[in-house]
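> Sequence and predicted model, in that order:
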Amino acid sequence: MENQAAQDVDGGEKKKRHHHHHHHQRHDEGRRESSRRHKHHTKKKKSSCDKSKQQHTASNNEEDQMALLEERIRDKQRTAATLAASINNGSNIRGVSAAENAATLDARINAKRAANGGMGAAPTFSTAVASGDGSEDELDYEKSEQEKEDDIIEANVSPRTTQDSFSEEGGSGRAGGDDESYYPTIEADQGIMAEINQEGLVDEAGGIQAFVADAVVDEANVIGVIKSDDEVETEERREYTRFFLMSVACLVFLIIVIAVPVTLKATNVISKKVVLTPPPTLSPTMMPSESPSSMPSSVYFTEVVEKLNPLSGERLNDVGSPQFRAAKWIADEDPMRMDLDDPGFEQRYVMAAFYYAMDGPNWSTKTGWLGEGSECDWFGVEGPGCNDGCVDDGEYRKVCGLKFGQHNGMSGSLIEELGFLDEMRFFETQGYDLTGTIPNSIGTNWSKVTAFLVNWNKLDGTLPFANNNQMLGTIFMNGNNLNGSLESLTSIKNLRWIEAQENSFTGTLPQGITELEYLWKFDLSNNSLSGDLPDNWKTTSMLNSFIAPGNNFTGQLPSSFANAPSLETLSVSSNAITGAIPLSYYKMESLQELFIDGNALGGVLSQADEPLYKNVREFSIHDNHFEGKIPVEQFEKTDVLNILTLHHNQMTGTITNRICDRLGISNPTKRLKELSVDCELVQCECCTCY
């Protein structure tokens, strides 16, 4: 039986050596070095064992020899456990249990032991498998004759000790038991199986035909494959090649991204203008048919330019100009394909030029623009008193209103061609970044315009409006960079409401503005106006608000303001006005807001029971040179006063509780919101002190 088992084991060993042939080649050098050290160590041990046999009467040497042999046996056990795990790896992948494999190895070892003279039983592989120790280095080569000899010596020296020690280490004293409980099955790593499942390596039964890889068993008995140096080097070479190719691709892409825009820009720079060739000199019989669409676009474009030349002139030759782009569109892209003699041809061109000038392609809303419909149907073509944005003059429907509120993304400059739209009644482009000047053609040709609203842009230059704009009633141009004189305002006879705060207007206010009988609101805050304020206001004036703080006005307050029966707000703060408050002001029943703070005014306030004190809501005279007594009794009689600022003057007095009590009133129209005095001169328990 033992011989038969030995033959079976030898047959299995041959197969194993075949499977691990390549693995042995990779470890030859390590094994040679290990064998050399092992032989040297064995010779020393053999010599020591001979001495032990000759001097077994010396008890101390025997104990040392026994300790050395026990350490050797533990080394063998760990080696056997590692070998068993390695074999178990191959057997499990093939579907062979660890117990079967270990039993076979036990039989082989015992058979060889018997052949050498029946020396003591060796530690079994089944026990090593049961111990689960896979932490030592793998040792899977066949033992040399010298090593076999060492094993026989060790077995003869103390077979009991060897077996007992192994029993303590592995938990069994049997030499080759076959109990399945000692041989747990280690599951093959599915990742490894997927990696090695290559054509020709796995047979029909799932076993590996000729695959060798270093195996590492971790604490959970999961086996992983360690790649060879050649495989690692090959993989690193592939990664480097992939990285190099990706770098080259990124560099090429970057070059393209930079080169294309530069090339296009250079192309545009080469030709800034288009030189128009003379029209063809063909006879009329050879001209195309009536439909412009059948004409070559280049020929038609030349004719379009000639048609529009009186309107736009040299601007048509500038390739980047709104005029050139509009002419190109109307010649080559306009779905309407209008005839050159169409009465509405120029208007459609002007609207297209306005679209390009205002950066139309980037508008938030641009419904209808440059579409097949009439320009009267395009977004923003509307306005008060202008019906649907166009009026019919008998020839074609003319645009009469352009209304663009804020937040539509407009930018650019107003074009001179807008003056062609002579039926314009209403124009609004507020809250954008419009630059440049207001075209003179607007002042010349928009004789019917009633409202011109361009607040909060960046327009500069002077006002173009004059005698031709008699219908103009509302001008909003706050927050621009407009400059120059306002003398032309006197010729706009219908002017009703003008707001031009935060600009750079200079010079004096013309006396002629007092002749504008419809003027209702006048606001030129924060400019650079100077000189005396106009002082010829009439009783027929409709003036409701005169607001001009933050300028450089001098002189005295015009007493004629009291003639304006509807004047409610007079604000000329932060100027250099001198003198006292005119006595006529105290008689004004309509005046509700008087802001004259921040000047050089002085004098004493009237102590009489005046209409001004009864009706005024905001009375701000701080930062002047007023003196005398505060008219406390007059301020106690009013219940509409909201603001009373008297600080930074030389006035004295006592603010009573009746006035202080009004600070806590819940009704906002009657509540005193602000009360300030010079507390060193005025007694007050509720005032803001300065």
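Cool, the structure landed.

> CA atoms only for stretch 333-346, dumped as PDB, please.
Taking Å, rounded to 0.1, in the frame of the first residue of the first chain, the C-alpha atoms of stretch 333-346 are listed here in PDB:
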ATOM      1  CA  GLU A 333     -30.300  86.700 -46.200                       C
ATOM      2  CA  ASP A 334     -33.500  88.700 -45.800                       C
ATOM      3  CA  PRO A 335     -36.400  86.300 -46.300                       C
ATOM      4  CA  MET A 336     -38.600  89.100 -47.700                       C
ATOM      5  CA  ARG A 337     -36.200  89.700 -50.600                       C
ATOM      6  CA  MET A 338     -37.600  93.300 -51.000                       C
ATOM      7  CA  ASP A 339     -37.300  95.100 -54.300                       C
ATOM      8  CA  LEU A 340     -34.900  98.000 -54.300                       C
ATOM      9  CA  ASP A 341     -37.900 100.300 -55.200                       C
ATOM     10  CA  ASP A 342     -40.000  99.200 -52.400                       C
ATOM     11  CA  PRO A 343     -41.000 102.300 -50.200                       C
ATOM     12  CA  GLY A 344     -40.100 100.400 -47.100                       C
ATOM     13  CA  PHE A 345     -36.700  99.200 -48.200                       C
ATOM     14  CA  GLU A 346     -34.700 101.900 -46.400                       C
END
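
> For that stretch, buried residues please.
With burial defined by 16 or more other C-beta atoms under 10 Å, the residues of stretch 333-346 counted as buried are 334, 337, 338, 344, 345, 346. No exception for glycine: its C-beta is placed from N, CA and C like everyone else's.

> number of nearby residues for residue 540?
9 (other C-beta atoms under 10 Å).

> How much space separates residue 410 from residue 334?
According to C-beta to C-beta, to the nearest Å, residue 410 stands 22 Å off from residue 334.

> Check the buried residues of stretch 333-346 and tell me the two furthest apart.
Greatest spatial distance among these (C-beta to C-beta): 337 and 346, at 15.7 Å.

> can you give me the helices for the stretch 301-450 of the chain?
322-332, 345-357, 440-445 (DSSP state H, counting those that start in this stretch).

> Export those to JSON lines and append columns for distance to residue 378 and mean pLDDT.
As requested, the helices of the stretch 301-450 of the chain are exported to JSON lines (distance: least, C-beta to C-beta, whole Å; pLDDT from 0 to 100):
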{"stretch": "helix 322-332", "distance to residue 378": "14", "mean pLDDT": "97"}
{"stretch": "helix 345-357", "distance to residue 378": "7", "mean pLDDT": "98"}
{"stretch": "helix 440-445", "distance to residue 378": "20", "mean pLDDT": "94"}
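
> pLDDT-wise, which helix or strand of the protein ranks last?
helix 159-170 (a mean of 39; mean pLDDT, DSSP states H and E).

> got a markdown table for the helices of the stretch 301-450 of the chain, with distance to residue 404 too?
Below are these laid out as a markdown table (distance: least, C-beta to C-beta, whole Å):
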| stretch | distance to residue 404 |
| --- | --- |
| helix 322-332 | 16 |
| helix 345-357 | 10 |
| helix 440-445 | 16 |
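
> out of the ones you listed, which comes closest to residue 516?
Closest to residue 516 of these is helix 440-445 (C-beta to C-beta; 17.5 Å).

> re earlier: which one of the helices of the stretch 301-450 of the chain lies closest to residue 519?
For those, proximity to residue 519 was assessed by C-beta to C-beta; helix 440-445 is nearest, at 19.2 Å.
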